[in-house]
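1. just coords:
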């Protein structure tokens, strides 16, 4: 997915200690901001990463949560070809279907419960369009920052459909990493955890987790508590490294849906702007120039329309983001 803001902020991201948001015990609760995705009626998404209080959870550096979106009312998703560098995109749907095309020649469909992971590396471009049969579009779009030694890796595309793991009170689909006895075979450039967790009505489940990981629980629906802290739909509950287990409780009379992200603290500083992850302002500037010139990223074939132009790069010096005291 592209960041379609006409004036995307230039952000320097570094993993930082919790602060500046409501907390309950060790859990930091991050609210989302609404961002228009584009189109004549502007489908809107809720963005929880990055923000001033927290830039990353492990190497997870971007989290958009959208829907349930009535495609008849909004027009759905129609994101024209756009570029990426230095990151991986993780597409995960709860309902609907999205057609993916990229400059590698990949032509795939994002469907509920199936992972589509695209590695941008040195440079890739792709388009994303909800299919005509889609009536309700609902899911998450996530980005993973590549470590410096792999940021210029060859672009790639992978698909994986995890089998659900059924526990007492929960159903888990692990699309990256390992949880609840299930391990994804999809390789990653840093240790990661990504899983959809459905909690039964009234359920309370404790998941053993890696103590060196920090974790973020994005709540889609339900009356959810994470280690005792209420996390409302659209919010992300952050737990710093050190926890051996995460307890999730659903206080509602219907199933609750969440997405759990995790990984060791990412010890590199990165710069995010538009659809690029780099290390310096010059990295970003060069990628933008390459996209505007039409080289480096290849072309998407089969999309009916023009590619996205790059926004104007701000001329102000980059300043690091810090947590509020």
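-> Arrived safely, thanks for sending. The structure presented is a predicted model; accordingly, all values stated were derived computationally and were not measured.
2. ok, which stretches of the stretch 1-150 of the chain are helices?
-> 71-74 (DSSP state H, counting those that start in this stretch).
3. what about it, any weak spots by pLDDT?
-> Applying pLDDT under 70 to the stretch 1-150 of the chain flags residues 1-25, 37-42.
4. for it, what spans make up the strands?
-> 11-13, 23-24, 27-30, 33-38, 43-49, 60-70, 78-84, 87-95, 98-102, 107-110, 115-119, 124-130, 136-145 (DSSP state E, counting those that start in this stretch).
5. identify whichever of those strands lies nearest to residue 238.
-> strand 27-30 (4.1 Å; Cβ to Cβ). All C-beta atoms are positioned from the backbone trio N, CA, C, and that covers glycine.
6. what's the neighbour count on residue 299?
-> By other Cβ atoms under 10 Å, the residues close to residue 299 number 11.
7. spatially, what comes nearest to it if we skip its sequence neighbours?
-> Spatial nearest neighbour of residue 299, excluding adjacent residues (Cβ to Cβ, 6 or more residues apart in numbering): residue 103 at 5.8 Å.
8. next, the contact list for the one you found, please.
-> Going by Cβ atoms under 8 Å, 6 or more residues apart in numbering, residue 103 touches 81, 124, 125, 126, 155, 297, 298, 299, 300.
9. show me the beta-bridge partners of the nearest residue in space to the fifth one that is not next to it in sequence.
-> If I follow you right, that is residue 155. Ranked by Cβ to Cβ, 6+ apart and with sequence neighbours excluded, the top spatial neighbour of residue 155 is residue 124, at 3.8 Å. For residue 124, the beta-bridge partners are residue 84 (DSSP bridges).
10. how far away is residue 144 from residue 31?
-> 22 Å (Cβ to Cβ, to the nearest Å).
11. and those two? Which one has more around it.
-> Taking other Cβ under 10 Å, residue 144 and residue 31 do not tie; residue 144 has more neighbours (27 against 14).
12. how about the more buried one: what's its closest non-neighbour residue?
-> residue 88 (4.3 Å).
13. how about that neighbour, what does it touch?
-> Residue 88 sits in contact with 117, 118, 119, 120, 143, 144, 146, 188, 189, where contact means Cβ under 8 Å, 6+ apart.
14. list just the nearest of those to residue 52.
-> Minimum distance to residue 52 across the contacts of residue 88 is 17.9 Å, recorded for residue 143 (Cβ to Cβ).
15. the closest one is in contact with residue 87, isn't it?
-> Yes. Residue 143 is in contact with residue 87 according to Cβ atoms under 8 Å; the separation is 4.9 Å.
16. return the backbone torsion pair for the residue nearest to residue 72 when sequence neighbours are not counted.
-> Computed as Cβ to Cβ, 6+ apart, the closest residue to residue 72 that is not its neighbour in sequence is residue 135, at 7.0 Å. Dihedral angles phi and psi of residue 135 (degrees, to the nearest 10) take the values phi -110, psi -40.
17. same question for residue 191.
-> phi -60, psi 130.
18. count of residues packed around it?
-> For residue 191, the neighbour count with other Cβ under 10 Å is 16.
19. from residue 184, how far out is it?
-> Separation of residue 191 from residue 184 (Cβ to Cβ): 12 Å.
20. quick check: neighbours shared by those two?
-> residue 177.
21. now do the same contact list for the most centrally placed residue in the chain.
-> With distances taken as Cα atoms, centre = their mean, residue 142 lies nearest the centre of the chain, 1.3 Å away. Shown in contact with residue 142 (Cβ under 8 Å, 6+ apart): 60, 62, 63, 64, 89, 90, 91, 92, 194, 261.
22. the fifth one: neighbour count?
-> Same thing as residue 89. Residue crowding around residue 89 was assessed by other Cβ under 10 Å; the count is 24.
23. before we move on, what about residue 35?
-> For residue 35, the count of nearby residues is 17 (other Cβ under 10 Å).
24. just use 27 as the starting number from now, easier for me
-> New numbering, starting at 27: the last item is residue 61.
25. what is it paired to in the beta sheet?
-> Beta-bridge pairing for residue 61 (DSSP bridges): residue 71.
26. thinking it is in contact with residue 74, fair?
-> No. Checked against Cβ under 8 Å, the pair residue 61 and residue 74 is beyond contact range at 10.9 Å.
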